[in-house]
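[1] All I have is the shape, not the residue letters:
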Ligand SMILES: Cc1ncc(COP(=O)(O)O)c(C=O)c1O
């Protein structure tokens, strides 16, 4: 099928809204060939360097050869497996993952996607504590499935009339607000270690330690969502390691797939396992922990947990920082700050028009850059963890040009916004 027919079919059968949006902004990209950091439009006329990595799905680049080889060889003897029986592949992966976690985070339950893994953590927290409230961070994001949706922002739920009774939000980095919100009915606090959809807000020194202490005092469980921040993104395998805390549960996903086979996991401290010991069939996921996916994820952890790999993330992060600081100095009225831990980076821009303007300007410079949906004044900058120094130089050169163009585009966007209000739909903010 030619590109135009595919777009037409997408518009009719998948999403007319998305088709219209990308057409409007001259970004009618249909993914064709993909390799390493690059994705190519199917007509071969454009390619984009992936500076978003789908939130970490492509930490190891697109179509990473080691991952492909692993899946190919797994296909020689495995399939999805049986979700009722015991499984060598699931136990091997669970043992490997839990060996990277502190203390008694010893049990690993598999899911297909991140939202499902978050749902499990939340229901387990309520079941274990006998409490009903959950606290999350305003602007945080944990997925669009059932319970995960209820701990996110209202803008993703209200259109569906989904009830979020007993779900409270407090500002990230505000331990005092959390202390006020906690009471004897709070089962869990769930936080992204670094909230990505809120624009890579870095936890302030001591914040996560305070959250841990507050939860302990209140008998509340602490769930860390490492779906974007985990798997080496910050130069440590798990971002919560920077704070030296032990969560009660950790949720991982995205990059665990190697960009090839969907798989996610909820890692829980041993005592939380009781509920499953009483009834091991009380929670089921038919495809969760597919044996093919387990082999893939095993390889991902092997690659990402290697100290040479993690040191390289730190080193690449440093080089990126130096490049960004040069650009920061050139456009200080538009590019206003850098949020960073390793290769988990947010680019602070002038206002809520900055993110959309930079996304479009970067696209025109062949960079895929996505703004933070819950704070569109920040651009998410999630380079592949496998990025080379030459690629960093290339990206910096293109980003420099994109920043320059985005300043002017921002003005045009404000004018457009006044006529059709599209930005409000994305940012939830008023112009
Ligand atoms: C931090 C975080 N948690 C949870 C999710 C949900 O994961 P999934 O889309 O695999 O359900 C996402 C997805 O973007 C995420 O970024």
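    Received, thanks. The model shown is predicted, which means the values in this text are computed figures rather than measured ones.
[2] Which strand or helix spans residue 144?
    Under the criterion DSSP states H and E, no helix or strand holds residue 144.
[3] What residues sit buried inside the helix or strand encompassing residue 402?
    Element membership for residue 402 (DSSP H and E) is helix 389-420. For helix 389-420, the neighbour count (16 or more other CB atoms under 10 Å) marks 391-392, 394-396, 398-407, 409-410, 413, 416-417 as buried. In short, each C-beta sits where N, CA and C put it, glycine included.
[4] For this protein, what lies in contact range of the ligand?
    Within the chain, the positions near the ligand by CB under 6 Å from any ligand atom are 55, 113-115, 118, 141-143, 192, 196, 225, 227-228, 253.
[5] A strand includes residue 338, no?
    Yes - according to DSSP: H, G, I helix; E, B strand; the rest coil, residue 338 belongs to a strand.
[6] So it versus residue 350, what's the distance?
    14 Å (CB to CB, to the nearest Å).
[7] And for residue 160?
    On the measure of CB to CB, residue 160 and residue 350 end up 33 Å apart.
[8] OK, contacts around residue 333?
    Contacts of residue 333 were listed using CB atoms under 8 Å, 6 or more residues apart in numbering, and they are 350, 407.
[9] tell me which element it falls in.
    Residue 333 belongs to no helix or strand when assigned by DSSP H and E.
[10] and residue 265, which of the three is it?
    Going by three-state DSSP: residue 265 is strand.
[11] what do you get for residue 107?
    strand.
[12] Near it, how many other residues are there?
    Applying other CB atoms under 10 Å, we find 17 residues neighbouring residue 107.
[13] That one reaches residue 97, doesn't it?
    No - taking contacts as CB atoms under 8 Å, residue 107 lies outside contact range of residue 97: 10.1 Å.
[14] what's the overlap in contacts for these two?
    Common neighbours of residue 107 and residue 97 (CB under 8 Å, 6+ apart) are residue 267.
[15] ok, which stretches of the stretch 201-350 of the chain are strands?
    221-225, 249-252, 264-269, 335-341, 344-349 (DSSP state E, counting those that start in this stretch).
[16] Dump those strands into CSV; add distance to residue 213, mean pLDDT and mean neighbour count as well.
    Shown next, in CSV, are the strands of the stretch 201-350 of the chain (distance: least, CB to CB, whole Å; pLDDT from 0 to 100; neighbours: other CB atoms under 10 Å):
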stretch, distance to residue 213, mean pLDDT, mean neighbour count
strand 221-225, 10, 98, 28
strand 249-252, 17, 98, 29
strand 264-269, 17, 98, 26
strand 335-341, 22, 98, 18
strand 344-349, 24, 98, 25
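[17] I'd like those laid out as JSON lines, including distance to residue 14.
    Putting the strands of the stretch 201-350 of the chain into JSON lines (distance: least, CB to CB, whole Å) gives the following:
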{"stretch": "strand 221-225", "distance to residue 14": "28"}
{"stretch": "strand 249-252", "distance to residue 14": "28"}
{"stretch": "strand 264-269", "distance to residue 14": "23"}
{"stretch": "strand 335-341", "distance to residue 14": "34"}
{"stretch": "strand 344-349", "distance to residue 14": "30"}
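[18] Just tell me which of these ends up closest to residue 39.
    Ranking the strands of the stretch 201-350 of the chain by proximity to residue 39 (CB to CB) places strand 344-349 first, at 19.6 Å.
[19] and the closest one, what does it pack onto?
    helix 307-330, strand 335-341, helix 354-364, strand 375-381 (3 or more CB pairs under 8 Å, 6 or more residues apart in numbering; DSSP states H and E).
[20] any chance of the ones you listed in a markdown table, with distance to residue 103 too?
    Formatted as a markdown table, those follow (distance: least, CB to CB, whole Å):
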| stretch | distance to residue 103 |
| --- | --- |
| helix 307-330 | 21 |
| strand 335-341 | 23 |
| helix 354-364 | 38 |
| strand 375-381 | 31 |
